[in-house]
Structure formats: C-alpha cells, structure tokens
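Engineer: Structure here, sequence nowhere to be found:
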C-alpha cells in the first residue's frame, strides 16, 4: 500500500510539472530556487559569511557546482544532494552533471549541470572561470535558460562570457555572481557584461515565471536580471 501511494504521488507530481509554470528566484552569487508546484531545486546555497542571507526553504534537490576535493560534504538534511558529475533522475527532473575538467585541482571539483524540468532545459555553469573544455561543450546544446557568472573575477571574464553565450545560443541568459548589496567579496556590477552582449537597458525583476510555450516567443539570448 505504501508503495502504491508513493507511485501515485510521483505521477501527480509529474502532472503538476506539466501544467504549472516554473518560478526562478535569486539569492545572490550562484544560489537559485527553481520551483514547480511543490517541487523545488536549490543551487549553491550562499553562506552567511558571504554577507548575504542564506536561503531557508525545503527543497527536493540540492545542486552544488563547487565542492572541496576530496569531497567532504555532510549528508543533506532533506531532499537529494547532488555534488558532482553523473546522471540523476528525481521525481521527473533529469540532471546531467559534467566535470569541468580544465578547472579541477587537487583542492576543488567543479561541475556543470544540465537540468530538464517541465520540458525546460536549464544549464548551470556555476563557478566557471574558463570556457568549458570541448568534452563539456559538446553536451551544451538546446539550452533554454543559461545561468552564467556575470561579475568577472574570480569567475569567467565578461568578454569571454559574451563569446560563450554566442556559441551556446540559449534562449534566456540569467547572470550570476555579480555585485549586489551586502556581498563581502569584491565583484563587478553587470555594466560591462551587458555592454558586451549589447543589452544595455535591462531592468531587474523579482523572479522569473515561465512555461515552455513562452520560450517560443522569446528572442534568443535575452538577458533577465533577477533581484536577490
């Protein structure tokens, strides 16, 4: 009986995913909340030491694009924690993780993630500092929403960002890791980022609410800036 109820619940979630909009919220740096109905993904939660307020909500999946090496991550207190390369399927969300092999050191491990949810393909480049290696780039196709560092050092240079976006041709670009109020580390604002992409008059918004059908009427490469 318990197994039957669990299967019914999973089917119900899949149905909800297909009819409800995806809602994306920003918490600073590379931290986002991706929500579909009651299903939630949290990426790279910020720590209080950053000067920002850590997100506090229940999640079904935790994604981390950067971890120490060898891994020393504590078990997640909730949901499914994904800390590195591999293929995962959680309640209808498909996650493909690719090792940023040209940035791996003896101390850190970086992962690029492709997440498919509600038939929307999301790409999280996380703590990217260089253009991904060819072995990673070959997987980065048909991206609907690209999350990419927009604040320069210590992440990828803003001119390289523009070049990479032109290569990937995502429908929507959401910048991450840029200068915001409260952030303790030094970071650039999005002025140069927007100039390089020739999008100088982009207004920030509280969140992005979107369905797959909305993407068909969006001009490819549209930049959407989210407020933390």
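Structural biologist: That came through, no problem. None of these values were measured; they are calculated from a predicted model.
Engineer: Burial check on residue 22, number of neighbours?
Structural biologist: 24 (other Cβ atoms under 10 Å). (Each C-beta comes from the backbone N, C-alpha and C, glycine too.)
Engineer: Surely it and residue 215 touch.
Structural biologist: No: look at residue 22 against residue 215 with Cβ atoms under 8 Å: they stay out of range, at 10.6 Å.
Engineer: Can you check which residues contact both of those two?
Structural biologist: residue 120 (Cβ atoms under 8 Å, 6 or more residues apart in numbering).
Engineer: Okay, now the sheet partners of the longest strand anywhere in the chain, with direction.
Structural biologist: Determined from DSSP state E, the single longest strand within the chain is strand 108-117. Sheet pairing for strand 108-117, assigned by DSSP bridges, gives strand 66-68 (antiparallel), strand 93-99 (antiparallel), strand 120-124 (antiparallel).
Engineer: So which bits of it are buried?
Structural biologist: Buried residues in strand 108-117, defined by neighbour count with 16 or more other Cβ atoms under 10 Å: 109-117.
Engineer: tally of neighbours for the residue nearest to residue 228 when sequence neighbours are not counted?
Structural biologist: Using Cβ to Cβ, 6 or more residues apart in numbering and skipping the chain neighbours, the partner closest in space to residue 228 is residue 28 (4.3 Å). Around residue 28 there are 24 other residues, counting by other Cβ under 10 Å.
Engineer: Next: residue 57.
Structural biologist: With other Cβ under 10 Å as criterion, residue 57 counts 11.
Engineer: can I assume it is in contact with residue 34?
Structural biologist: No: between residue 57 and residue 34 there is no contact under Cβ under 8 Å: 11.6 Å.
Engineer: Now do the shared contacts for these two.
Structural biologist: With Cβ under 8 Å, 6+ apart, residue 57 and residue 34 have common neighbours 40, 42.
Engineer: what's the spacing between the residue nearest the centre of the chain and residue 195?
Structural biologist: The chain has residue 124 as the residue nearest its centroid, 3.7 Å off, counting by Cα atoms, centre = their mean. Distance, residue 124 to residue 195, by Cβ to Cβ, to the nearest Å: 24 Å.
Engineer: List phi and psi for residue 208.
Structural biologist: phi -110, psi 120 (degrees, to the nearest 10).
Engineer: ok, it to residue 172 distance?
Structural biologist: Here the criterion is Cβ to Cβ. By it, residue 208 lies 8 Å from residue 172.
Engineer: The two - which one has more neighbours?
Structural biologist: For residue 208 versus residue 172, neighbours defined as other Cβ under 10 Å are more numerous around residue 172 (23 against 20).
Engineer: gap between the more buried one and residue 160?
Structural biologist: 20 Å.
Engineer: for residue 37, same thing?
Structural biologist: Distance from residue 37 to residue 160, by Cβ to Cβ: 37 Å.
Engineer: Residue 105 too?
Structural biologist: Taken as Cβ to Cβ, the span from residue 105 to residue 160 is 20 Å.
Engineer: Looking at these two, which is more packed in?
Structural biologist: Set residue 105 next to residue 160 and count neighbours by other Cβ under 10 Å: residue 160 wins out with 17 against 8.
Engineer: can you give me phi and psi for the more buried one?
Structural biologist: phi -70, psi -30.
Engineer: Right, I'll leave it there.
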